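# Can you look at this prediction? I've put the sequence above it.
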Amino acid sequence: MKNYFSKTWPTLFAYYRILYNIIAILGLGILLVHSLPKAAQALNIYLGMTLSVTGFILIILAFRAFNLREFLGLEPEKQTTLVVSGMYRYVRHPLYFGTIIFIAGLYLLFPSSNMLTILIISYAYIWIGSRLEEQKLRERYGESYLKYSQQVKSLIPYVY
């Protein structure tokens, strides 16, 4: 290309390097501008997948503290002590925390007004459900739950 330019436009050859750089920068700039929407979409996909998978794993880890048959109501509850180990060391409602993360990921994967509505309704349900569950747990475990609730955040570890 350099030889062709020097033979075809010998008077402009002194400006070859600056013209080359301008053309390269403009060309890359055009490619960048056209790829930004795709890059933003890819970021949503990667972040959405990461959050969804992380949320799902957190939900599974939270369930490990319980007998699934008892949790689903297929067997009578035998749990008599307050669970404060595993994920419950970091957050009082790890199932809700995992669900919050999972639904945020789904919204990033499928951004739409319908998904936003699901997100808002789910978050409202989680907040109300956690308040009702807090009341039940205070009644059931008394002082030990009050002490635990002062040490461990409710829905988001170390934050809320």
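In hand now; what should we look at?
# what sits against residue 12?
By Cβ atoms under 8 Å, 6 or more residues apart in numbering, the contact list for residue 12 reads 5, 19. Where C-beta positions appear, they are placed from N, C-alpha and C, glycine not excepted.
# where's it relative to residue 6, distance?
9 Å (Cβ to Cβ, to the nearest Å).
# Report the distance from the strand or helix carrying residue 134 to the chain centre.
Residue 134 belongs to helix 113-141 when elements are defined using DSSP states H and E. Remark: helix 113-141 is offset 18 Å from the chain centroid, using Cα atoms, centre = their mean, to the nearest Å.
# likewise stretch 86-95?
17 Å.
# what comes up buried for stretch 152-160?
Residues of stretch 152-160 classed as buried: 152, 154-155 (neighbour count, 16 or more other Cβ atoms under 10 Å).
# what's the answer for stretch 98-115, then?
Buried, per 16+ other Cβ under 10 Å, within stretch 98-115: 98-109.
# what residues does that stretch touch?
For stretch 98-115, contacts defined as Cβ under 8 Å, 6+ apart pick out 44-45, 47-62, 116, 118-119, 122-123, 126, 155-156.
# One more pass at 7 Å, please.
44-45, 47-52, 54-56, 58-59, 62, 116, 119, 122-123, 126, 155 (Cβ atoms under 7 Å, 6 or more residues apart in numbering).
# Show me those that map onto helices.
44-45, 47-52, 54-56, 58-59, 62, 116, 119, 122-123, 126 (DSSP state H).
# Return the residues in contact with the residue positioned nearest the centre of the chain.
In the chain, the centroid-proximal residue (Cα atoms, centre = their mean) is residue 51; its distance is 3.3 Å. With contact set as Cβ under 7 Å, 6+ apart, residue 51 has these partners: 101, 104-105, 108.
# pLDDT score assigned to the nearest residue to residue 71 once chain neighbours are set aside?
Nearest residue to residue 71, sequence neighbours excluded (Cβ to Cβ, 6 or more residues apart in numbering): residue 63, at 7.1 Å. The model reports residue 63 with a pLDDT of 88.
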